[in-house]
Structures are given as structure tokens and as C-alpha cells.
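**Student:** Provided below for reference: sequence and predicted model.
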Amino acid sequence: MLPSRIPLIGGLMNEMERLEYIAKMAENLPTLRTKLNMTQEELANLIGVSRSTVILFEKGQRSMTWNTFLSLILIFSKNSDTNKLMKALDIYTDELEEILGGNQ
């Protein structure tokens, strides 16, 4: 059985919180991706999954891993428009940014 709070770079986050962040990312992934004029194939190559996996994420038919979520945060936080959008959508909150050690 997993501990209720899982250590994460610089802090702790419980599994439910992680799942909420992942769900928000999946729901808004098409918007974030298109904001960067990125195809599903291009995004898939960046995060190390297949295009069909990105499609399933976007349709809500497959759950992404925490590592995939973190990869997406890294990609989208580097662009000021998608960074602001993630914050407005509560995908990349101040709390999460602090836990992850800021926007490096």
C-alpha cells in the first residue's frame, strides 16, 4: 500500500491532489497544445509517448502518469502564454510551483 502522502521534490502531495492536477491537465491539453501551435505528434515526441496516447489523454480515455504530467508542466511553463493559462485553469498553481521548486 502506498503512503497517503508521497514525497515530491521539495514537499509532499497526496495522491488525490496529484490526480486532480492530472485531470485538469488532460481536460485542457488540446487548448494548451494548440496555443503552442503544436501537433499531437510533436507533443507525443517531446514527452516520449505515441500520438495515439496523446489522443487518448485528450479524449479522457487514458490517464497520464505523474511523470507525464510533470513533462507537460515543463513544456507549457516555458511559454508565457501557456504558463498564464495553466495558472488561470488551476493546473499550475502557486502551491504546485512551490512544491516543484519554482519555474526553473
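**Tutor:** Yep, it's here.
**Student:** how about the closest residue to I73 other than its chain neighbours, what does it touch?
**Tutor:** Once flanking residues are discounted, I73 sits nearest to Y92: 6.1 Å by Cβ to Cβ, 6 or more residues apart in numbering. Yep, even glycine has a C-beta here, placed from its N, CA and C like the rest. The contact partners of Y92, taken as Cβ atoms under 8 Å, 6 or more residues apart in numbering, are I73, F76, S77, N83, M86.
**Student:** so the last one is in which element?
**Tutor:** It refers to M86. Assessed by DSSP states H and E, M86 sits inside helix 80-88.
**Student:** against which helices or strands is that helix packed?
**Tutor:** Helix 80-88 makes packing contacts with helix 15-35, helix 66-77 when contacts are defined by 3 or more Cβ pairs under 8 Å, 6 or more residues apart in numbering; DSSP states H and E.
**Student:** export these as CSV, with columns for distance to T53.
**Tutor:** Below are those laid out as CSV (distance: least, Cβ to Cβ, whole Å):
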stretch, distance to T53
helix 15-35, 11
helix 66-77, 9
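**Student:** can I get those in a markdown table including mean pLDDT?
**Tutor:** Below are those laid out as a markdown table (pLDDT from 0 to 100):
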| stretch | mean pLDDT |
| --- | --- |
| helix 15-35 | 95 |
| helix 66-77 | 96 |
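**Student:** can you tell me which of these is most buried?
**Tutor:** helix 66-77 (a mean of 18; mean count of other Cβ atoms under 10 Å).
**Student:** got the CA positions of it in PDB?
**Tutor:** Extracted in PDB, the C-alpha atoms of helix 66-77 (Å, rounded to 0.1, in the frame of the first residue of the first chain):
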ATOM      1  CA  TRP A  66       2.600  11.800 -12.800                       C
ATOM      2  CA  ASN A  67       5.900  11.800 -14.800                       C
ATOM      3  CA  THR A  68       4.000  12.600 -18.000                       C
ATOM      4  CA  PHE A  69       2.100  15.400 -16.200                       C
ATOM      5  CA  LEU A  70       5.500  16.900 -15.000                       C
ATOM      6  CA  SER A  71       6.900  16.700 -18.500                       C
ATOM      7  CA  LEU A  72       3.900  18.700 -19.800                       C
ATOM      8  CA  ILE A  73       4.300  21.200 -17.000                       C
ATOM      9  CA  LEU A  74       7.900  21.700 -18.000                       C
ATOM     10  CA  ILE A  75       6.900  22.200 -21.700                       C
ATOM     11  CA  PHE A  76       4.000  24.600 -21.100                       C
ATOM     12  CA  SER A  77       5.600  26.600 -18.200                       C
END
